[in-house]
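A.B. asks: Got a predicted model here, sequence first, then my questions.
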Amino acid sequence: MVLFAYNIVCFLIPISGFGLPQSLLRYGALLNTKEEKDSLFVYVLKKGLLATVFLIFLIIVFSFLIPLNFPNTQTYIITLSFILIPTFIFEIIRAQLRLNHNNKTFAYTEITHSLLLLFSVLFLSYFFKETGYAIALLIPSLLTSLLFIKKLNIDFNKTITLPITDTDFWKYGFFASLSNVATQLLFSIDLIVIGYLLSNTELITSYRYISIVPFSLLFLPRAFITTDFVAFTEKIYDKQYIFNYIKSYMSFFFLVSVLLLIFCSLFANQIIAILDDSFLQYSSSFLILVFGVTGIFIFRGLFGNLLSSIGKAHVNYHIASFGLLINIVSNYYLIPKYGILGASITTASLMWMTGILSALIFWGYYRNYFLKN
């Protein structure tokens, strides 16, 4: 029940602050001085907190209006909705560190957050069961933010007004956040549809666990893009630089994907057995999800972010929304017929389809820019 509620709240996390963390990262990379970047951070912090509080209010209101299949789900949705505030603060701190090219401290925020999440979940789940787990999800972002905000060295009393904080600034962040929401839904809609169509909490848990390893592997492209996004945004119209980056990135992740597929094919049962022997019956679904993840490795992770770097965040939103629509329709047909296997086939197919579509659209925009200039 907690997992079901968390997946409902989870896909709204990217929209915390109405997407202003994404605007901070992209527009901040185009600013020249530290004073300008610090002023942009303060602006995003103040406006984003107000937007996040409003979003939490909407979640609470809708939790009373939407019929839910499982008892206590509403309580967990309301509790977990407050994760949006510390998550928003955590994300803008991380964005500012990236803008300052302070990748070492950025890495420490990731490590600190992960360790706090591990220990808070272990401790609170053990002593307080489901309620402890829900509360544990709120703690890591809050504590990590308190620990690292001083590392930014921002004087909150000395800021300047920036002309870039206009309608386009908000529009970019809003569509970037909607794109992230739609992308997040591509991963979590399976759990929601399984719970709705099959009304079986055990199947929700089973799918959640067999997808842990494949989805966790997404940290690999995210690590590269996290480090490089500011750099290639600053040089986005340096044609030779971008071509070389794309070539090296795709070559590396093609090799990683081949090795990953070989390894998982040979040791699928051993990997799944680490979680629980009862999940061995879903080994085919596990391998299908691993194959799907390689599509994000090679295409989606790279070209989705390149589209954002040229200011086309709305295109990512349209691609993700198109994929989400197909996901829902396919799941309604495949899940009742094939169960977890049907959900895996749909998700893996869409990972590849949206990735290739992102690549084709990026090249179209990029080529047109150089033809015009």
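C.D. replies: Everything's here; your move. As the structure is a prediction and not an experimental result, all values here were calculated from the model.

A.B. asks: Surely Asn180 and Ser16 touch.
C.D. replies: No - judged on CB atoms under 8 Å, Asn180 makes no contact with Ser16 at a distance of 10.1 Å. Placement of C-beta: from N, CA and C, glycine included.

A.B. asks: Enumerate every residue touching Ala313.
C.D. replies: Counting by CB atoms under 8 Å, 6 or more residues apart in numbering, Ala313 touches 22, 26, 172-173, 175-176, 179, 307.

A.B. asks: Redo those as JSON lines? Include neighbour count.
C.D. replies: Shown next, in JSON lines, are those (neighbours: other CB atoms under 10 Å):
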{"residue": "Gln22", "neighbour count": "25"}
{"residue": "Arg26", "neighbour count": "23"}
{"residue": "Tyr172", "neighbour count": "21"}
{"residue": "Gly173", "neighbour count": "26"}
{"residue": "Phe175", "neighbour count": "20"}
{"residue": "Ala176", "neighbour count": "27"}
{"residue": "Ser179", "neighbour count": "26"}
{"residue": "Leu307", "neighbour count": "23"}
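
A.B. asks: Select, from those residues, the two members most distant in space.
C.D. replies: Greatest spacing in the contacts of Ala313, by CB to CB: Gly173 and Leu307 (14.8 Å).

A.B. asks: Secondary structure class of Val61, three-state.
C.D. replies: Under DSSP: H, G, I helix; E, B strand; the rest coil, the three-state class of Val61 is helix.

A.B. asks: What does the pLDDT read for it?
C.D. replies: pLDDT for Val61: 91.

A.B. asks: same question, the one 5 residues further on
C.D. replies: According to the model's per-residue confidence, Ile66 sits at a pLDDT of 76.

A.B. asks: separation between it and Gly173?
C.D. replies: Shown here: Ile66 relative to Gly173, a distance of 26 Å by CB to CB, to the nearest Å.

A.B. asks: helices or strands next to the longest helix seen in the chain in the packing?
C.D. replies: The longest helix of the chain (DSSP state H) is helix 239-275. Contacts defined by 3 or more CB pairs under 8 Å, 6 or more residues apart in numbering; DSSP states H and E place helix 239-275 against helix 201-210, helix 219-234, helix 283-295, helix 301-309.

A.B. asks: mind redoing it with 6 Å?
C.D. replies: Contacting helix 239-275 under the criterion 3 or more CB pairs under 6 Å, 6 or more residues apart in numbering; DSSP states H and E are the following elements: helix 283-295.

A.B. asks: before we move on, the earlier item: wait, which of the contacts of Ala313 is closest to Glu91?
C.D. replies: Out of these, the member with the shortest distance to Glu91 (by CB to CB) is Gln22, at 8.9 Å.

A.B. asks: Find the nearest non-adjacent residue to the closest one, please.
C.D. replies: The spatial neighbour of Gln22 that comes closest, neighbours along the chain excluded (CB to CB, 6 or more residues apart in numbering), is Ala176 at 3.6 Å.

A.B. asks: just checking, what packs against the strand or helix carrying Ile56?
C.D. replies: Using DSSP states H and E, Ile56 sits in helix 34-65. In terms of contacts (3+ CB pairs under 6 Å, 6+ apart), helix 34-65 is packed against helix 20-28, helix 73-81, helix 84-99.

A.B. asks: out of those helices, deepest packed?
C.D. replies: Burial of the helices and strands packed on helix 34-65 is given as mean neighbour count (mean count of other CB atoms under 10 Å); helix 20-28 ranks first at a mean of 26.

A.B. asks: so it versus helix 301-309, what angle?
C.D. replies: Per axes from the mean of the first three to the mean of the last three CA atoms, to 10 degrees, the angle that helix 20-28 makes with helix 301-309 is 70 degrees.

A.B. asks: What lies in contact with helix 20-28?
C.D. replies: With contacts defined as CB atoms under 6 Å, 6 or more residues apart in numbering, helix 20-28 is touched by 37, 40, 44, 48, 91-92, 95, 99, 164, 169, 172-173, 176.

A.B. asks: Just the buried residues of stretch 250-261, please?
C.D. replies: Neighbour-count burial for stretch 250-261, counted by 16 or more other CB atoms under 10 Å, picks out 250, 253, 256-257, 260.

A.B. asks: can you check stretch 113-120 too?
C.D. replies: 113, 116-117, 120.

A.B. asks: Equivalent analysis for stretch 271-288, please.
C.D. replies: Residues 271-272, 279, 282-283, 285-288 are the ones in stretch 271-288 that count as buried (16+ other CB under 10 Å).

A.B. asks: returning to that earlier point: tell me how far the helix holding Ile56 lies from the chain's centre.
C.D. replies: Relative to its chain's centre, helix 34-65 lies at 18 Å (CA atoms, centre = their mean, to the nearest Å).

A.B. asks: Measure how it sits relative to helix 84-99, angle-wise.
C.D. replies: On the basis of the same axes, to 10 degrees, helix 34-65 is oriented at 150 degrees to helix 84-99.

A.B. asks: what's the angle from helix 34-65 to helix 73-81?
C.D. replies: 170 degrees.

A.B. asks: so where's the stretch 251-373 of the chain shaky on pLDDT?
C.D. replies: 371-373 (pLDDT under 70).

A.B. asks: swap the cut-off to 80 and go again
C.D. replies: Regions of the stretch 251-373 of the chain meeting the criterion pLDDT under 80 cover residues 369-373.

A.B. asks: mind listing the helices for the stretch 101-250 of the chain?
C.D. replies: 103-136, 139-148, 167-198, 201-210, 212-216, 219-234, 239-275 (DSSP state H, counting those that start in this stretch).
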